[in-house]
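Enquirer: next comes the sequence, and after it the predicted model I'd like to discuss.
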Amino acid sequence: MDKLRGMETFIAVVESGSFTGAASRLEMSAVMVGKYIAQLESQLGTRLLERNTRRQSLTDAGRVYYEETRRVLEQVSIAENAVERLRAAPAGTLRVTAPTSFGGCVIAPLTASFLQRYPEVRIELDLTNRMVDLVEEGVDLAIRIGEIGHDDLVAKYLCPYNMTICAAPDYLARHGTPQTPADLVDHLCLSHTVWTARNEWRLPGVAGEVRWKRDVVLRCNDGYGLRMAARAGAGLLLQPEVLVAEDLASGRLVRVLEAFTPAPRPVHLLWRQDLRPLPKLTEFIAHILLRLGTL
């Protein structure tokens, strides 16, 4: 078996905590993961992992091998990048992470035109609201919403992340159109389950800040689900503008309380500091900035 692939598999097992987790990360079967580990242990003549039905742990040899294999694979990556820089056109795999809603609605469609322009590039787009560690997880570029504080990363402002409050015409015909945040007490409202007392949206009210209604009629963990419920007349919706742009344009949803929407948050591109970044990264950043930098 390929020894480098075996090393990569061993590292994935250690960092994910299980054969199953490593299999998912590497897109192979758990049986194949086991074969790679068994092959490594056979070649080295020692056990790297202690395994039972409940847990696994590194042996002393496994801890030493883990640290050394990480260094080896880092050097391999450095060597590959050095060669890749010599290529005139972008090539190779680009790993990008973005927030779920913004990434799905905005970033994912932009990858299509980029890949058409640079057919030698492959993009792995991870849509997650988790704070991904670019260095630890080998990610090339992150799109982040909100304030940033990463001194070890390069940050480039992209665009504002605007919110909007809207509802279906049918709902407004039945319940009326709110004029100020104080009117929310008489309205049915929809909310995302990630909103808590700590991070919920606050509206600029007439006499100070007003919280988005707490006693909502529907909570959902998916923005698309909330959008469809709002279109069906379930209530008022507070969502990112990009998620409901098509419905606003078609009239399926109507803006309300336009003077009281939360202030937009900044969207940034973040990447690791590198005196000579790879062409695939610099071209993708330029591609995104050209299309979104004026939003």
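Expert: Arrived safely, thanks for sending.
Enquirer: for stretch 177-196, buried residues please.
Expert: Within stretch 177-196, the residues scored as buried using 16 or more other Cβ atoms under 10 Å are 178, 181, 183, 184, 187, 188, 189, 190, 191, 192. In this view, the C-beta of every residue, glycine as well, is placed from N, C-alpha and C.
Enquirer: now the second one: how far from residue 44?
Expert: To tie it back to what came earlier, the one meant is residue 181. Residue 181 is 65 Å from residue 44, where distance means Cβ to Cβ, to the nearest Å.
Enquirer: ok, now the fourth one?
Expert: Relative to residue 44, residue 184 is positioned 65 Å away (Cβ to Cβ).
Enquirer: if I've got this straight, residue 213 is in a helix?
Expert: No: under DSSP: H, G, I helix; E, B strand; the rest coil, residue 213 sits outside any helix and is assigned coil.
Enquirer: count the neighbours of it for me.
Expert: Using other Cβ atoms under 10 Å, residue 213 is surrounded by 20 other residues.
Enquirer: could you shift the numbering so residue one becomes 41, and keep it that way?
Expert: That works, and once the first residue is 41, the last one we named lands at residue 253.
Enquirer: before we move on, the earlier item: between the buried residues of stretch 217-236, which is nearest residue 112?
Expert: Distance to residue 112 across the buried residues of stretch 217-236 (Cβ to Cβ) is lowest for residue 232, with 43.5 Å.
Enquirer: so what sits opposite that closest one in the bridge?
Expert: residue 260 (DSSP bridges).
Enquirer: please name the residues that touch it.
Expert: Residue 232 makes contacts with 259, 260, 261, 263, 266, as judged by Cβ atoms under 8 Å, 6 or more residues apart in numbering.
Enquirer: ChimeraX command for the buried members of the residues you listed?
Expert: Burial among the contacts of residue 232 is assessed by 16+ other Cβ under 10 Å; the matching ChimeraX selection reads:
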select :260,263,266
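Enquirer: farthest pair within the contacts of residue 232?
Expert: Largest separation among the contacts of residue 232 by Cβ to Cβ: 259 and 263, giving 12.2 Å.
Enquirer: what ranges in the chain fall below the confidence cut-off?
Expert: Applying pLDDT under 70 to the chain flags residues 41, 92-94, 121-128, 190-191, 236-240, 245-248, 315-316, 334-335.
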